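>>> got a structure for you, letters missing:
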């Protein structure tokens, strides 16, 4: 059996994602589709709109055979660390290829860029370093560094954030010399940040905005997402009474920051260079999370970077927790959130070659490894009433989701 | 000028407290009444029903000339540490006497008991130690130890919790050989834990219960409290929309415990002997704070002791924060929450003899000293909306309250 890996957030799963699966199947010629998905909190430092298991169910309905959870330690990070965690996890399961969406849909552009990049890597790193030292933000500094080493050609413009994640995937595969073929398919029409929903394809950003603003499933939305997502969004709302947004966590984060010393804040992953002072001072004035981030933001500390720090404060994740793992060349474990019969068959053929622990649920042995995951999930569920959060946490203990429709 | 000290919580201030002030004035023959009052959280490990400044105003209206804040580090503690902090603070201000309520109203009983106790202190401590080692709670173990050394005579039965606080005050005065005369007046009729409100005197416990249950000021209550308290309770409710109870903090405490490691829990003041495991496990089942404490409670860990631990978790107060201070023979500072003209005059006569810093508000110099106080207040206010908590915190920065009616 042959597997293809996808790196996803499915926040929520929409028609563009369904298209991605279908096209990835074609180009990879794989029999098993494996998605590695962020759990409670996402790469840009936001809570997922519904929990990981409801998103897993929607993914399985749409043709994914195995849903892995990208460990928290990689999930709420910049694109390079995020990509490294995801790619190493998929490699652990023995995927033959990884397929991602891009503007061009042409993988050779990425490979050529990677080769150019490697030639000039020392120069790139020097420029990056000095730009950062000047107080520039990481995205701005790397944009400039890519420009200066000439990686802003028409074929693949690395000054465009859209192309960065794909490039990070290719870099993680090539740098680690993994036996994985990188594949890409052309993105469908709408731009990533486009907030207007048109036709049957809409970005996850615009879908989330509409869901939160309208606080219900409008006709516009239901056109852009498969039935399984409609069901999962409705089911979650019925259970939890909300779709999660950052504002729901404002009072918890505020309480936490106001009862932490600056020394404790400095121990949190991502808190450097005195940003703890800005966070503390702004907390006194902010009436909302939005206002708080606006007050903390600087040229160097972008909105996204602050959101990630806020997630790490909320989940009480320290540098000591994260650093040994992200600097290692091995992932700590592989956790399965859901699978189909076909997924199970694939896993059986691979079992003997998988060297990291495969985790299917919390128990005496896995508790230690899943500690950060557990904290993140508890923080995620903390805004719900006791009964609901207990019910939702039960699935963590019982995971994975087994597909009800046997697809093979 | 001559001052008399009272050790109080005023949660809320009621007619019994007014009677206490009036009688204390008589027996002490003092011109200045100084009350040392717990701030946001109280001795038994509970949040105050309204904030410290609203309680301060009621106290000043009733004849108190200076309201001091008992530092958090002493306020949420067993009776001996509570008494030590309060008595040393009052001594710092140079009170001639300290007057407390008791069943008998006869100070010689306390002094005789103290003398008997001192004779048998080593025996008492041995019994206490071995009873504690058997797994008994501190109140149970000391009750037995008092019985065994014969301090359960009719005149002052130290097996009765009512008498313990008074005894602790006398002990703190005598042990430290302070130039303070201990005085006591007879308590008014109702028992401390009596929940029926009768006549014009009612216990603070019964008043709080009625306020919380009815969620308004009933006729019964208004009979038992002075007008100033009615005004302060109403004013606070208008501002904050609530009167504080522990249940308001359940979600914050739960969030906090679920995102702490057991190692971190063990650093919190009061967490010993594996109680962190019970706290964590019970958190998974509890639907309310009440249920949570019920689940954690053991023979050794009484309800009150767990409530105090919960306050320290909520306020993020560690052993490292507290222990150096409570084991010292000096108080770190004296903080004034409110005063009258007469209070100010008394302070002026004393200024040159006061060796600890006198704090009237938060500023660059006092920030460090008030760090624990600030955390406790932020935790206390965390359940309110941003605008209200900011408004209420302003008074911390502006303190003290200056009496509007000049009483001399």
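The structure has been received and is ready for your questions. Only a predicted model underlies this, so the values are computations on that prediction, with no experimental measurement involved.

>>> gap between residue A:342 and residue B:85?
According to C-beta to C-beta, to the nearest Å, residue A:342 stands 68 Å off from residue B:85. C-beta coordinates here come from the backbone N, C-alpha and C atoms, glycine included.

>>> So what are the structural domains in chain A, by residue number?
In the assignment given by automatic domain parsing, the structural domains of chain A cover A:3-103+A:187-191+A:331-402, A:114-159, A:253-324.

>>> Least confident of those domains, on average?
In terms of average pLDDT, domain A:114-159 trails the rest of the domains of chain A, at a mean of 89.

>>> how far does that domain stretch from start to finish?
14 Å (C-alpha to C-alpha, to the nearest Å).

>>> now swap in stretch A:72-82 and tell me
10 Å.

>>> close to chain B, is that stretch?
No: judged by C-beta under 8 Å from any C-beta of the partner chain, stretch A:72-82 stays clear of chain B, getting no closer than 12.1 Å.

>>> How far away from the center of its chain is that stretch?
From the chain centre to the centre of stretch A:72-82 is a distance of 7 Å (C-alpha atoms, centre = their mean, to the nearest Å).

>>> Spell out which residues of the stretch 301-408 of chain A are next to chain B.
A:314-316, A:371, A:375, A:378-379, A:382-383, A:386-387, A:390, A:393.

>>> any idea how far residue B:321 is from the nearest residue to residue A:255 once chain neighbours are set aside?
Leaving out its chain neighbours, the residue that sits closest to residue A:255 by C-beta to C-beta, 6 or more residues apart in numbering or on different chains is residue B:382, at 4.0 Å. Note on residue B:382: its distance to residue B:321, by C-beta to C-beta, is 19 Å.

>>> Then residue A:88?
41 Å.

>>> where do the strands sit along the stretch 251-400 of chain A?
A:334-339, A:358-359 (DSSP state E, counting those that start in this stretch).

>>> So which of those is nearest residue A:41?
strand A:334-339 (14.8 Å; C-beta to C-beta).

>>> who does the closest one touch, helix- and strand-wise?
Of the remaining helices and strands, those touching strand A:334-339 by 3 or more C-beta pairs under 8 Å, 6 or more residues apart in numbering or on different chains; DSSP states H and E are helix A:52-61, strand A:66-70, strand A:358-359, strand A:401-402.

>>> that older thread, make TSV from the domains of chain A and add mean neighbour count to it.
Listed next are the domains of chain A as TSV, based on neighbours: other C-beta atoms under 10 Å in any protein chain shown:
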stretch	mean neighbour count
domain A:3-103+A:187-191+A:331-402	21
domain A:114-159	16
domain A:253-324	18
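
>>> For chain B, see how far away residue A:246 is.
Noted for residue A:246: a distance of 15 Å to chain B, by C-beta to the nearest C-beta, to the nearest Å.

>>> what's the neighbour count on that residue?
19 (other C-beta atoms under 10 Å in any protein chain shown).

>>> Please name the residues that touch it.
For residue A:246, the contact set (C-beta atoms under 8 Å, 6 or more residues apart in numbering or on different chains) comprises A:46-47, A:289-290, A:307, A:310.

>>> The same query, at a cut-off of 7 Å, please.
Counting by C-beta atoms under 7 Å, 6 or more residues apart in numbering or on different chains, residue A:246 makes contact with A:46-47, A:289.

>>> Report the spatially closest residue to residue A:245, excluding sequence-adjacent ones.
Here the residue nearest residue A:245, using C-beta to C-beta, 6+ apart, is residue A:212, at 5.5 Å.

>>> That neighbour reaches residue A:242, doesn't it?
No: judged on C-beta atoms under 7 Å, residue A:212 makes no contact with residue A:242 at a distance of 9.6 Å.

>>> Would you mind giving the dihedral angles phi and psi of the residue nearest to residue A:255?
Dihedral pair for residue B:382: phi -60, psi -20, per degrees, to the nearest 10.

>>> Can you list the helices and strands that the lengthiest helix in chain A packs against?
Taking DSSP state H as the criterion, chain A has its longest helix at helix A:107-133. Here helix A:107-133 touches helix A:138-148, helix A:161-175, strand A:181-186, going by 3 or more C-beta pairs under 7 Å, 6 or more residues apart in numbering or on different chains; DSSP states H and E.
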